[in-house]
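Q: From the sequence below, what's the structure:
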Amino acid sequence: MRFILALTLAAFGLSGAALAQDSDPAPFNLFALDGAYANRIFLFDEVYAEDHDVEVPVPFSVSVPAQDPVEVIADGEPGGNGLAKFTFAVGDPRAFLESVLIVPTPLPMAADDAQDPVRARVETASAVLRDVIFPQVSQGLAGAEMLALEAYPFEGYMGAHLIARYTDAELGPMLLRLTAHPNPVGAQSYVAISAINLSMVPVTNGETLLQSMSTRVANSLTYRASQP
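A: Numbering: from 1, shown residues only. Predicted coordinates:
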């Protein structure tokens, strides 16, 4: 199967050009923020497609966290075949914290005679991340290095995620997370591409990764039934 994603640095915002870090920023640590955060559900379905004149191959929703003083920038036309992009920033001028881009991506169903269909699907999703998405996304990223690739449990289905690191000329050390979200009832699915500025969102392990805002968005991706 041929995958045509046409991903670009401009589309998923990993280069730091759209939101540059302040040249002399005040110390900031996302994990040091106090207080609760709110979640807003973004639904992408037939109604959204009609209202915004875009194609939504499979209805889904994501939960996007909001917490002062972090600003959430939602983009319904991110380009690069992306369907939606959420960027998190802080300060004035804005300093980039994280971003997550959601891209429609076919993830083939397991063969009818597969002994373990779930495992076979996860292996296929992992191969797409490793052999297709990561090479495209990492092209042009300095020092891009894959750190981990493993099966990952999302709510209601199994998928996969790939963790990598690279260095941005303006932001410094960055974490890249790719997540494959196999649609349980069909091949048409989604991949999420997340970039995390480690100087302001100091992810060091699985626990802190779960606290990042882009991870919360990607992990919340839920498939919705089509409306009659």
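
Q: where along the protein do the helices fall?
A: 9-12, 46-52, 117-128, 134-138, 206-211, 213-219 (DSSP state H).

Q: Name the residues of the third one that are buried.
A: Read it as helix 117-128. 121-122, 124-126, 128 (16 or more other CB atoms under 10 Å). Heads up, the C-betas are built off the backbone N, CA and C, glycines and all.

Q: can I get those residues in JSON lines with distance to Met174 and pLDDT?
A: Shown next, in JSON lines, are the buried residues of helix 117-128 (distance: CB to CB, whole Å; pLDDT from 0 to 100):
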{"residue": "Arg121", "distance to Met174": "29", "pLDDT": "97"}
{"residue": "Val122", "distance to Met174": "26", "pLDDT": "97"}
{"residue": "Thr124", "distance to Met174": "27", "pLDDT": "96"}
{"residue": "Ala125", "distance to Met174": "23", "pLDDT": "97"}
{"residue": "Ser126", "distance to Met174": "22", "pLDDT": "98"}
{"residue": "Val128", "distance to Met174": "22", "pLDDT": "97"}
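
Q: among the helices of the chain, which is nearest Leu101?
A: Closest of the helices of the chain to Leu101 is helix 9-12, at 4.3 Å (criterion: CB to CB).

Q: pLDDT on the closest one, on average?
A: What helix 9-12 shows for mean pLDDT is 46.

Q: same check, this time on stretch 160-167
A: For stretch 160-167, the mean pLDDT works out to 97.

Q: Tell me which residue lies farthest from the centre of the protein.
A: No residue in the chain sits farther from the centre than Asp113, which is 31.9 Å out by CA atoms, centre = their mean.

Q: Next, count neighbours for Gly79.
A: Around Gly79 there are 14 other residues, counting by other CB atoms under 10 Å.

Q: mind listing the strands for the protein?
A: If DSSP state E is used as the criterion, the strands of the chain fall at 38-44, 60-66, 71-75, 84-90, 95-106, 142-154, 157-168, 172-181, 188-197, 222-223.

Q: Serialize the ones you listed to JSON lines and add fields for mean neighbour count and distance to Asp51.
A: Output for the strands of the chain, formatted as JSON lines (neighbours: other CB atoms under 10 Å; distance: least, CB to CB, whole Å):
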{"stretch": "strand 38-44", "mean neighbour count": "14", "distance to Asp51": "11"}
{"stretch": "strand 60-66", "mean neighbour count": "19", "distance to Asp51": "15"}
{"stretch": "strand 71-75", "mean neighbour count": "15", "distance to Asp51": "14"}
{"stretch": "strand 84-90", "mean neighbour count": "23", "distance to Asp51": "13"}
{"stretch": "strand 95-106", "mean neighbour count": "24", "distance to Asp51": "17"}
{"stretch": "strand 142-154", "mean neighbour count": "14", "distance to Asp51": "27"}
{"stretch": "strand 157-168", "mean neighbour count": "20", "distance to Asp51": "27"}
{"stretch": "strand 172-181", "mean neighbour count": "23", "distance to Asp51": "23"}
{"stretch": "strand 188-197", "mean neighbour count": "26", "distance to Asp51": "20"}
{"stretch": "strand 222-223", "mean neighbour count": "18", "distance to Asp51": "20"}
